[in-house]
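Peer 1: task: produce atomic coordinates for the following.
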Amino acid sequence: MYAKKLELKLNNQERSKMAQCSGYARFVYNYGLSMVNGTHSMTKVNKRAMRS
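Peer 2: Next comes the predicted model:
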């Protein structure tokens, strides 16, 4: 197996658009991660509440 390394030669407008897309992807990932972490904390069982 091998890999090729490529370099994109973008103009300023294309570079700006790529930065916007990567910023949006990072936002969506972080938003989804916060949703998963939020629901995970809601599903934890309180052991003291279970005893009584």
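
Peer 1: so which bits of the longest helix anywhere in the chain are buried?
Peer 2: Of all segments of type helix in the chain, defined using DSSP state H, the longest is helix 12-43. Judged by neighbour count (16 or more other Cβ atoms under 10 Å), helix 12-43 contains no buried residues. C-betas here are computed from N, CA, C, even on glycine.

Peer 1: what about that helix, average pLDDT?
Peer 2: Averaged over helix 12-43, pLDDT sits at 86.

Peer 1: so which residue is smack in the middle of the protein?
Peer 2: Most central in the chain under Cα atoms, centre = their mean is Tyr29, positioned 2.0 Å from the mean C-alpha point.

Peer 1: how much space separates that residue from Lys4?
Peer 2: 26 Å (Cβ to Cβ, to the nearest Å).

Peer 1: Glu14 now?
Peer 2: 21 Å.

Peer 1: other SSEs contacting the longest helix of the chain?
Peer 2: Contact partners of helix 12-43 among helices and strands, from 3 or more Cβ pairs under 8 Å, 6 or more residues apart in numbering; DSSP states H and E: none.

Peer 1: still on that earlier bit, the residue nearest to the centre of the chain and Leu8: what is the separation?
Peer 2: From Tyr29 to Leu8 the distance is 22 Å (Cβ to Cβ).

Peer 1: on the three-state scheme, Lys4 is what?
Peer 2: coil (DSSP: H, G, I helix; E, B strand; the rest coil).

Peer 1: show the pLDDT at it.
Peer 2: 93.

Peer 1: give me the neighbour count for it.
Peer 2: 4 (other Cβ atoms under 10 Å).

Peer 1: mind starting the numbering at 28 from now?
Peer 2: Sure, I'll start numbering at 28, so the last one becomes Lys31.

Peer 1: and it, backbone torsions?
Peer 2: phi -120, psi 140 (degrees, to the nearest 10).

Peer 1: what of Asn38?
Peer 2: Torsion angles, degrees, to the nearest 10, at Asn38: phi -80, psi 180.

Peer 1: appreciated, that's everything.
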